[in-house]
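Engineer: pasted the sequence and its predicted model underneath.
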Amino acid sequence: MTAVDQKRVALLPPDVADAERLFALIDESRETLRAWLPWVDATRNAEDSRQFLAGVAEGARSGSACASWLIARDGELAGCIDIHGISKPHRSGFLGYWLADRFVGGGLMSEAAALALDTGFGALELNRIAIVAGVANARSRAVAERLGFVREGVQRDGLHLHGRYHDACQYSMLAGDWRGRR
């Protein structure tokens, strides 16, 4: 996968050379990320990030059900985004994303998500992409709503994080909807 650029935002292919920088981002925003991302506690050092990046890169080569990118703003690593759970027969997948705290609030995630959606509905030939976000995760839900995703409903106890269940909003975007917005 090649880097996708637009203005100040770039989606970069996963590369183990970025493991130290990726771990540093996770570590500096650990408490915020931990609230909604179950893998944060298991990411304890740069080696954990290296293994994650190596696995994602291998998955990309082998045609896994996930397309992942590192998000960069003006050349600085800022977070990650992916389309996971890709079902080729149903031409669908789920959008997941996170940013380090210092990059939140400036529209970066909306720009990165738009680039990922362009790829999902373009090169990946998906027809439907969903976002599942905790009802209390206002920032993640705001990304979905800013991009024009349709809120389909609430999954009662749809997320299990740190020993507790949380209701989750499910949103979706269809390829035709996205083409109409672009």
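Structural biologist: Nice, thanks for sending it over.

Engineer: need the longest helix for the protein.
Structural biologist: Determined from DSSP state H, the single longest helix within the chain is helix 46-62.

Engineer: what average pLDDT does it get?
Structural biologist: For helix 46-62, mean pLDDT rounds to 88.

Engineer: now swap in stretch 70-77 and tell me
Structural biologist: 95.

Engineer: show me which helix or strand of the chain is least confident by mean pLDDT.
Structural biologist: strand 4-6 (a mean of 47; mean pLDDT, DSSP states H and E).

Engineer: now do the next helix or strand after that strand: everything it contacts.
Structural biologist: Helices and strands here follow DSSP states H and E; after strand 4-6, the next one along the chain is strand 9-12. Defining contact as Cβ atoms under 8 Å, 6 or more residues apart in numbering, one finds that strand 9-12 is touched by 3-4, 18, 69-73, 75, 81, 108, 111-112, 115-116, 119. Using the backbone N, CA and C atoms, a C-beta is placed for each residue, glycine as well.

Engineer: any low-confidence regions in this structure?
Structural biologist: Residues of the chain meeting the criterion pLDDT under 70: 1-7.

Engineer: helices of that one, residue ranges please.
Structural biologist: 19-28, 30-34, 46-62, 108-121, 138-146, 175-181.

Engineer: go through those and pick out the most buried.
Structural biologist: helix 108-121 (a mean of 21; mean count of other Cβ atoms under 10 Å).

Engineer: now that helix, how far from the centre of its chain.
Structural biologist: 9 Å (Cα atoms, centre = their mean, to the nearest Å).

Engineer: got the CA coordinates for it in PDB?
Structural biologist: Below are the C-alpha coordinates for helix 108-121, written out as PDB (Å, rounded to 0.1, in the frame of the first residue of the first chain):
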ATOM      1  CA  LEU A 108      -7.400  15.800  11.700                       C
ATOM      2  CA  MET A 109      -9.400  12.700  12.300                       C
ATOM      3  CA  SER A 110     -12.200  13.800  10.000                       C
ATOM      4  CA  GLU A 111      -9.600  14.400   7.200                       C
ATOM      5  CA  ALA A 112      -7.900  11.000   7.800                       C
ATOM      6  CA  ALA A 113     -11.200   9.200   8.000                       C
ATOM      7  CA  ALA A 114     -12.300  10.700   4.700                       C
ATOM      8  CA  LEU A 115      -9.100   9.400   3.000                       C
ATOM      9  CA  ALA A 116      -9.700   6.000   4.500                       C
ATOM     10  CA  LEU A 117     -13.300   6.000   3.200                       C
ATOM     11  CA  ASP A 118     -12.100   7.000  -0.200                       C
ATOM     12  CA  THR A 119      -9.900   3.900  -0.200                       C
ATOM     13  CA  GLY A 120     -12.600   1.700   1.300                       C
ATOM     14  CA  PHE A 121     -15.200   2.700  -1.200                       C
END
